[in-house]
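Undergrad: predicted structure and sequence below. I'll ask about it afterward.
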Amino acid sequence: MESRGLRIALRVWVALVLLFLFIPIALIVLYAFNKSNIESWPIPGFTTHWFSVAWHDSQVRSALWLSVQVGLAATALALVLGGMVSFALYQFKFFGRDAISLLLVLPIALPGIITGIALNSFFSFTGIQFSILTIVAGHATFCIVVVFNNLIARLRRLPGSVTEASMDLGARGWQTLRYVTLPLSATALVSGALLAFALSFDEVIVTIFTAGAQNTLPLWIFGAIRLGQQLPEVNAVVTIVILLTLIPVVLAARLAGAGALSRSGGNRG
């Protein structure tokens, strides 16, 4: 059993780590309500003026809409491809299955700049013009990994007896997938989609190399910070992005927890 001193030390350490992670984010949110257009401390007053400025900025709204479109399209593509390969690797045993799993996870392990440069070279070599489709393709490279990891982890925890019982009762492979496997893994599929959308929504590095003249919201933020003339508006936009990214992450965590509870309840039954 841990001593009292060790428990206190662990709590202090956890608190320091949380402060290290979230103090910069808290400062950005705080400066978004700064009355002054200069980031100074103490803050002279608070206002919501910069959120109004951001909302009425046509560049911000068009960049936001493009980011939402790219995120939804990349997530849909990731659901189809990541879901199909997850079910295939779970259902069938064949030579090279582990190698395929490793190759699927590899894109998220590579630095974003490597993936971005590789995609940029590929599009230039094949003569593909940069557009929203190239951004979607770039984002799908890591969104597929998120969906695959989330779903394959759930599938590997499913009891094999459930599938075997379905097959013994005369269900074909497709029927077992549709009526047994898919319902039991639905929460993992949805949570993977939510995480993929959140990851796509704030991606910068890959977008830089695949967007061309397109301007997503992270790219607008990157450009505005570099110019340094719109910092109050940038803080407001970043605060909105944090909220929009946080929502799917929280929902994904709750769905993952609900899925775990349902599985444990089913096992007890």
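TA: On my side now, so go ahead.
Undergrad: what sits against F94?
TA: By C-beta atoms under 8 Å, 6 or more residues apart in numbering, the contact list for F94 is empty. (Each C-beta comes from the backbone N, C-alpha and C, glycine too.)
Undergrad: can you pull the buried residues of stretch 74-94?
TA: 74-79, 81-83, 85-87, 89-90 (16 or more other C-beta atoms under 10 Å).
Undergrad: state the mean pLDDT of it.
TA: What stretch 74-94 shows for mean pLDDT is 84.
Undergrad: what of stretch 138-154?
TA: Here the average pLDDT along stretch 138-154 is 86.
Undergrad: that stretch: how far from the chain's middle?
TA: The chain centroid and the centroid of stretch 138-154 are separated by 9 Å under C-alpha atoms, centre = their mean, to the nearest Å.
Undergrad: try stretch 116-129
TA: 24 Å.
Undergrad: just the helices in the chain please.
TA: With DSSP state H as the criterion, the chain has helices at 4-32, 49-55, 58-91, 97-109, 112-126, 132-157, 160-168, 173-176, 182-184, 186-201, 205-210, 217-227, 231-268.
Undergrad: of all those helices, which one comes closest to W41?
TA: Set against W41 and scored by C-beta to C-beta, the helices of the chain come closest in helix 4-32, at 9.2 Å.
Undergrad: elements contacting the closest one?
TA: helix 231-268 (3 or more C-beta pairs under 8 Å, 6 or more residues apart in numbering; DSSP states H and E).
Undergrad: what's the mean pLDDT across the helix it packs on?
TA: 70.
Undergrad: any idea how far the closest residue to G192 other than its chain neighbours is from F92?
TA: In this structure, G192 finds its nearest non-sequential neighbour in N150, 3.4 Å apart by C-beta to C-beta, 6 or more residues apart in numbering. Taken as C-beta to C-beta, to the nearest Å, the spacing of N150 relative to F92 amounts to 20 Å.
Undergrad: and the residue most central in space within the chain, what is it in contact with?
TA: By C-alpha atoms, centre = their mean, the chain has its centre lying nearest to L199, at 2.5 Å. Contacts for L199 (C-beta under 8 Å, 6+ apart) come out as 142-143, 146.
Undergrad: in a markdown table: the helices of the chain, plus distance to P42.
TA: Formatted as a markdown table, the helices of the chain follow (distance: least, C-beta to C-beta, whole Å):
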| stretch | distance to P42 |
| --- | --- |
| helix 4-32 | 11 |
| helix 49-55 | 18 |
| helix 58-91 | 28 |
| helix 97-109 | 41 |
| helix 112-126 | 37 |
| helix 132-157 | 40 |
| helix 160-168 | 60 |
| helix 173-176 | 64 |
| helix 182-184 | 54 |
| helix 186-201 | 33 |
| helix 205-210 | 35 |
| helix 217-227 | 23 |
| helix 231-268 | 16 |
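Undergrad: N34 bridge partners, please.
TA: Counting by DSSP bridges, N34 forms beta bridges with F46.
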